[in-house]
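# 3D, please:
(one chain, ligands or ions: 2)
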Amino acid sequence: MSPLTVSNLAKRYRRGGKTLAAVDDVTFHIEPGETLALAGPSGSGKSTIARLVLRLIEPDAGRIEFEGDDLLALNGAALRVRRARLQMVFQDPLAALNPRATVARVLDDPLRIHGIASRSDRPHRIAALLERVGLSSALAGRAIHEISGGQRQRVAIARAIATKPSLIVLDEAVSALDVSVRGQILQLLLDLQREESLAYLFISHDLGVIRAVSHRVVILDAGKIVESGDARAVIDAPQSAVGKALVAAAPRLNRQTE
Ligand code: ADP
Ligand code: MG
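Ligands and ions are numbered 1, 2, ... in the order given. Have a look, this model is predicted:
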């Protein structure tokens with residue numbers, strides 16, 4: 001079963017007297033264990049799609065199926081149960097996590113809220129999660145604001161996998177990291193995907209990163225899908241004007257393919 005199927009999704013914003021179609025008739029699906037990337041210029045609707053899928057905002061039209069259920073029809077307890085299987089990692093972990101909370105607290109919350117482990121069991125689970133993401137359990141007592149950006153993003157990933165999701169939405173999750181740290185986090189995401197059959201909705205403006213980690217890519221422009229297909233095939237030979245422009249503007253990618 002597909003973790004995610006999005007059909008004819010639309011979201012409009014009113015700006016002054018005009019209506020802006022932030023997301024316009026978007027349809028795609030993600031297979032179990034697959035990475036589907038969303039690419040496109042700034043303002044093309046990538047983050048709006050992420051927020052719609054996470055139900056942080058409501059669409060004007062369309063359907064979102066998560067693990068076979070109509071996500072938009074779920075409420076209350078049924079939505080909470082499903083939410084555990086649908087997680088997220090954003091660009092800025094200092095904004096997404098409470099900077100004053102300890103690492104242990106950040107990881108304890110999902111285990112407690114979703115009833116995944118008993119109080120006495122949780123410290124072991126937290127240590128195991130830290131190990132899974134390549135962090136020392138000695139970090140458990142440190143505050144989020146005291147650790148490095150790369151360590152923080154590892155904690156955000158540990159929190160996301162704590163509830164055993166089938167899908168993680170990653171919106172520019174590696175964009176703020178130094179190149180070497182970025183490579184380590186991408187490798188961690190690949191390792192976790194292989195071990196857990198995790199699917200990713202991987203949003204990035206960086207085609208080089210997308211080419212390295214994604215199975216398929218969807219290219220957006222002004223809220224519409226302009227091109228989609230196998231990530232390497234599309235990025236190596238884009239057909240749409242927007243796809244060609246994105247590839248031309250990706251210097252790192254050009255060097256790799258020369
Ligand atoms: P991307 O993530 O691809 O850069 P976004 O999804 O953030 O693009 O934005 C898509 C379009 O929707 C942009 O034109 C943006 O200005 C507009 N937009 C996004 N959120 C809002 C909002 N809350 N109110 C008004 N316009 C918005
Ligand atoms: Mg965005």
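
# Show me which residues of the protein are close to ligand 1?
With Cβ under 6 Å from any ligand atom as the criterion, the chain meets ligand 1 at residues 13, 20, 22, 40, 42-48. (Glycine included, C-beta is placed from N, CA and C.)

# which of the residues you listed are close to ligand 2?
Restricting those to those touching ligand 2 (Cβ under 5 Å from the ion) yields 46-47.

# Tell me the one among the residues of the chain next to ligand 1 nearest to ligand 2.
S47 (3.2 Å; Cβ to the ion).

# these two touch, right, the closest one and H205?
No - S47 is beyond contact range of H205, at 10.6 Å (criterion: Cβ atoms under 8 Å).

# what is in contact with those two at once?
E172 (Cβ atoms under 8 Å, 6 or more residues apart in numbering).

# Can you tell me which of the residues of the chain next to ligand 1 are classed as buried?
22, 40, 44-48 (16 or more other Cβ atoms under 10 Å).

# Filter the residues of the chain next to ligand 1 down to the ones in helices?
Of the residues of the chain next to ligand 1, the ones assigned to helices by DSSP state H are 46-48.

# Show me the helices in the stretch 1-150 of the chain, by range?
Using DSSP state H, counting those that start in this stretch, the helices of the stretch 1-150 of the chain run over residues 46-53, 76-83, 93-96, 103-113, 122-132, 149-161.

# Now render the ones you listed as JSON lines, adding mean pLDDT.
Below are these laid out as JSON lines (pLDDT from 0 to 100):
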{"stretch": "helix 46-53", "mean pLDDT": "98"}
{"stretch": "helix 76-83", "mean pLDDT": "89"}
{"stretch": "helix 93-96", "mean pLDDT": "90"}
{"stretch": "helix 103-113", "mean pLDDT": "96"}
{"stretch": "helix 122-132", "mean pLDDT": "97"}
{"stretch": "helix 149-161", "mean pLDDT": "97"}
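
# Can you say which of those helices is nearest to V181?
helix 149-161 (3.9 Å; Cβ to Cβ).

# tilt between the closest one and helix 122-132?
Going by axes from the mean of the first three to the mean of the last three Cα atoms, to 10 degrees, helix 149-161 is angled at 120 degrees with respect to helix 122-132.

# export helix 149-161 as CSV, just CAs?
Coordinates of each C-alpha in helix 149-161 appear next as CSV, following Å, rounded to 0.1, in the frame of the first residue of the first chain:
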residue,chain,number,x,y,z
GLY,A,149,23.5,22.2,14.0
GLY,A,150,24.3,18.8,12.6
GLN,A,151,23.7,17.2,16.0
ARG,A,152,20.4,19.0,16.3
GLN,A,153,19.2,17.7,12.9
ARG,A,154,20.2,14.2,14.1
VAL,A,155,18.0,14.7,17.1
ALA,A,156,15.1,15.9,14.9
ILE,A,157,15.5,12.8,12.8
ALA,A,158,15.6,10.6,16.0
ARG,A,159,12.4,12.3,17.1
ALA,A,160,10.8,11.6,13.7
ILE,A,161,11.7,7.9,13.7
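
# Packing partners of that helix?
Contacts defined by 3 or more Cβ pairs under 8 Å, 6 or more residues apart in numbering; DSSP states H and E place helix 149-161 against strand 86-89, helix 93-96, helix 103-113, helix 122-132, helix 179-196.

# how about the residues of the chain next to ligand 1, which pair is most distant?
Taking Cβ to Cβ, no two of the residues of the chain next to ligand 1 sit farther apart than Y13 and G40, at 16.8 Å.

# Test for you: state the pLDDT assigned to the nearest residue to R100 once chain neighbours are set aside.
The shortest distance from R100 to any non-neighbouring residue, by Cβ to Cβ, 6 or more residues apart in numbering, is to A143 (5.9 Å). A143 is assigned 97 on the pLDDT scale.
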